[in-house]
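>>> I'd like to go over a predicted model; first the sequence, then the structure.
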Amino acid sequence: MTDFSRLVISWFHQNGRDLPWRQTSDPYRIWLSEVIMQQTRVAQGRKYYERFCERFPAINNLAEAHEEEVLEIWQGLGYYSRARNLHAAAKWVMEEKEGVFPDKYEEIIKMKGVGEYTAAAVSSFAFHEDQVVVDGNVLRVFSRIFGIADDIRLPKTRKQIYDYVRNHLPLGESWNYNQSIMELGALICTPSQPNCQNCPVSIFCEARRTNRQASIPFKSKSKERRKRFLNYLLFQVGDEYLFFRRGEKDIWEGLFEPFLLETDRIFSGHEISAAVEKVAPNHEFSAFSFPVEKHILSHQELFVAVWLIKTQGRPEINNGRWVHEKDLAALPKPIIFSKIMGLKKGSTLPLTF
């Protein structure tokens, strides 16, 4: 074990956070935490982790659940493909592995939605395989330690950092080592204003020695986000509302949404009236608008407008599902609709505006 590894592991044992997925060796729960925590803050992710463990305490419970139930619990985390992959992977374990979670990196990576990072994390934390786990925190720590100023978006830069991480891997101690560096990046070697005074390995840090903590790591700008304009018609008849399950390969696949008109702009009131007359001809209606919301995703900016369309009779629109207002909050749908319409667990849609 190198001096660097010894110091960072010692620091972790004294300062690491008490997180529920660190108190178990159950590979199912460790895998669950890794999937949930991707691009998610710990405070938010912890709530979802505990919710999933309560509803699906073992992998067979998750595999046997209906996809809509899984998506409903996932609401608010975004990147819904993770939830669908989670469900599919659980089914695969039950069907192909007879319910036994795979215990080797080479098998774990075969699971739906599991890449190199997640496979390494689960095999290291659950089975103590000598794998290195490199996330954003680890990239930041090692780029600063070794003064690597190259763009960390580039594969060659990531490979260079990966090699440095592996060179310090203490055999048989990977689970301690990997968690220690990740925690150091989360608590001490933060993106801005790192707490170098309390860093256990600051004596090794080239960025600190040359006063370049603010410029390392360097990450080039991502591509400009694509703008999309989503005009939704939420049909209401009495206490029921019309929703449609999104089936195509898109950001919200498998979730429910009102009738969608995606255009190059947000419609005006006159354009909405014309759209309703075309979608639901021969129906008298009244329309109420919710405030337009901007919803930012990693590569997209969504401008979302929802119009509540009250009609006396049900419009004849194929593939819709009529949902009673008491069931709206539990319907698996993009969180943006709950935000726009003020829906929470146990609540119903407000009928006055």
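Looks like it arrived, so ask away. Everything numeric here is computed off the predicted structure, so don't read it as measured data.

>>> from here on, contacts and neighbour counts on C-alpha atoms
Will do.

>>> now the end-to-end length of stretch 145-155.
19 Å (Cα to Cα, to the nearest Å).

>>> check stretch 126-140 too.
Using Cα to Cα, one end of stretch 126-140 lies 24 Å from the other.

>>> identify the residues contacting it?
If you take Cα atoms under 8 Å, 6 or more residues apart in numbering as the criterion, stretch 126-140 is touched by 25-27, 30, 103-105, 117, 120-121, 123-124, 152, 158, 161-162, 165-166, 169, 171-175, 178, 181-186, 189-191, 216-217.

>>> cutoff 6 Å now
The contact list for stretch 126-140, computed with Cα atoms under 6 Å, 6 or more residues apart in numbering, reads Ser25, Pro27, Ala120, Ala121, Ser123, Ser124, Ser174, Trp175, Asn178, Met182, Gly185, Pro217.

>>> and what of stretch 34-42?
Contacts to stretch 34-42, defined as Cα under 6 Å, 6+ apart, come from residues Gly45.

>>> buried stuff in that stretch?
Neighbour counts over stretch 34-42 (16 or more other Cα atoms under 10 Å) mark Glu34, Val35, Ile36, Met37 as buried.

>>> the second one and Ala330: what is the separation?
Spatial separation of Val35 from Ala330 under the definition Cα to Cα is 22 Å.

>>> how close does Phe285 get to Ala305?
Taking Cα to Cα, one finds Phe285 at 18 Å from Ala305.

>>> my bad, Tyr79
For Tyr79, the distance to Ala305 - Cα to Cα - is 21 Å.

>>> same deal with Gly99?
44 Å.

>>> more neighbours, the two?
Ala305 (22 against 16; other Cα atoms under 10 Å).

>>> helix, strand or coil for that one?
The three-state label given to Ala305 by DSSP: H, G, I helix; E, B strand; the rest coil is strand.

>>> what bridges to it?
Asn231 (DSSP bridges).

>>> isn't it up against Phe229?
No: applying Cα atoms under 6 Å, one finds Ala305 not in contact with Phe229, separated by 8.1 Å.

>>> remind me, longest helix of this protein?
Criterion DSSP state H: the longest helix present in the chain is helix 81-96.

>>> and that helix, how far out from the chain middle?
Relative to its chain's centre, helix 81-96 lies at 16 Å (Cα atoms, centre = their mean, to the nearest Å).

>>> what about the helices in the stretch 251-353 of the chain?
269-279, 335-341 (DSSP state H, counting those that start in this stretch).

>>> the shortest one packs against which elements?
So that's helix 335-341. Using 3 or more Cα pairs under 6 Å, 6 or more residues apart in numbering; DSSP states H and E as the contact criterion, no helix or strand is in contact with helix 335-341.

>>> let's see it at 10 Å
If you count contacts as 3 or more Cα pairs under 10 Å, 6 or more residues apart in numbering; DSSP states H and E, helix 335-341 packs onto strand 293-296, strand 300-311.

>>> can I get those in JSON lines including distance to Arg265 and mean pLDDT?
Shown next, in JSON lines, are the helices and strands packed on helix 335-341 (distance: least, Cα to Cα, whole Å; pLDDT from 0 to 100):
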{"stretch": "strand 293-296", "distance to Arg265": "13", "mean pLDDT": "86"}
{"stretch": "strand 300-311", "distance to Arg265": "9", "mean pLDDT": "91"}
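
>>> packed most tightly, which of those strands would that be?
strand 300-311 (a mean of 19; mean count of other Cα atoms under 10 Å).

>>> how far does the worst-scoring helix or strand of the chain on mean pLDDT sit from its chain's centre?
When each helix and strand of the chain is scored by mean pLDDT, DSSP states H and E, helix 335-341 comes last, with a mean of 79. Distance of helix 335-341 from the chain centroid (Cα atoms, centre = their mean) equals 17 Å.

>>> with just CA atoms, put that helix into CSV.
Coordinates of each C-alpha in helix 335-341 appear next as CSV, following Å, rounded to 0.1, in the frame of the first residue of the first chain:
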residue,chain,number,x,y,z
ILE,A,335,-42.0,15.5,-12.7
ILE,A,336,-42.5,18.7,-14.7
PHE,A,337,-46.3,18.1,-14.7
SER,A,338,-46.4,17.7,-10.9
LYS,A,339,-44.6,21.0,-10.7
ILE,A,340,-46.8,22.8,-13.2
MET,A,341,-50.1,21.5,-11.8
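
>>> understood, closing this out.
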